[in-house]
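# Sequence and predicted structure, then a few things I'm wondering about:
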Amino acid sequence: MADTALGTGGNLMQALKTRMHWHQSRQKLLAENVANADSPGFRPHDLKAPAIAPGQAGVVMAQTSPSHMGLSGQRGGFNGTNAQRFEITPNGNAVNLEDEMMKVAQNQSDYQLAASLYTKGLGLMKIAIGKGR
């Protein structure tokens, strides 16, 4: 039973580690987008989030009361995640500084969350094996 619990913790730690590496790579790419905001013909790039490995469940919402919103998967209201916000400039540059800076700030916040969870997980593992406090 201890192996199963440790294995699950190991999978979580590996997922957090993968997520932190992704955020580091994405931050570099977003910084390049900002740096090239005035470069003629430059198109911004972004990284696709790492997929959840087979056999690992993601976080899902549970409808605990019939009065709660349904789990249809549809989002109410406007979904602006894929909306094109601005046109390409006359010199062919498609970087929108406001959007890029929002992505940078969100990415940094998400990285800090993953790093905090990773640190807490390590602390819990140390306590579990008797090396902590």
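Yep, it's here.

# Could you list every helix and strand in contact with the longest helix anywhere in the chain?
Longest helix in the chain by number of residues (criterion: DSSP state H): helix 2-35. Counting contacts by 3 or more C-beta pairs under 8 Å, 6 or more residues apart in numbering; DSSP states H and E, helix 2-35 is packed against helix 97-128. Bear in mind the C-beta positions are built from the backbone N, C-alpha and C, glycine included.

# From residue 47, how far out is the residue nearest to the spatial centre of the chain?
Nearest to the mean C-alpha position of the chain, by C-alpha atoms, centre = their mean, lies residue 110 at 5.8 Å. Between residue 110 and residue 47 the distance is 12 Å, computed by C-beta to C-beta, to the nearest Å.

# Which pLDDT value belongs to residue 90?
Note for residue 90: predicted pLDDT of 86.

# Find the helix or strand that it is a member of.
Under DSSP states H and E, no helix or strand contains residue 90.

# shaky segments in this structure?
Low-confidence segments of the chain, defined by pLDDT under 70: 1-9, 52-61, 69-86, 132-133.

# how near is residue 128 to residue 121?
Going from residue 128 to residue 121 by C-beta to C-beta gives 10 Å.

# got it, and residue 94?
Taken as C-beta to C-beta, the span from residue 94 to residue 121 is 39 Å.

# Same question for residue 100.
31 Å.

# Which residue of these two possesses the greater neighbour count?
More neighbours surround residue 100 than the other of residue 100 and residue 121, with 20 against 15 (other C-beta atoms under 10 Å).

# burial measure for the spatially closest residue to residue 97 that is not a sequence neighbour, as a count.
In this structure, residue 97 finds its nearest non-sequential neighbour in residue 37, 5.4 Å apart by C-beta to C-beta, 6 or more residues apart in numbering. Residue neighbour count, defined by other C-beta under 10 Å, stands at 15 for residue 37.

# Next up, the contacts around the residue nearest to the centre of the chain.
Taking C-beta atoms under 8 Å, 6 or more residues apart in numbering, we find residue 110 in contact with 19, 23.

# With residue 128 as the reference, measure out to it.
27 Å.

# what does residue 25 give?
31 Å.

# can you check residue 103 too?
Taking C-beta to C-beta, one finds residue 103 at 37 Å from residue 128.
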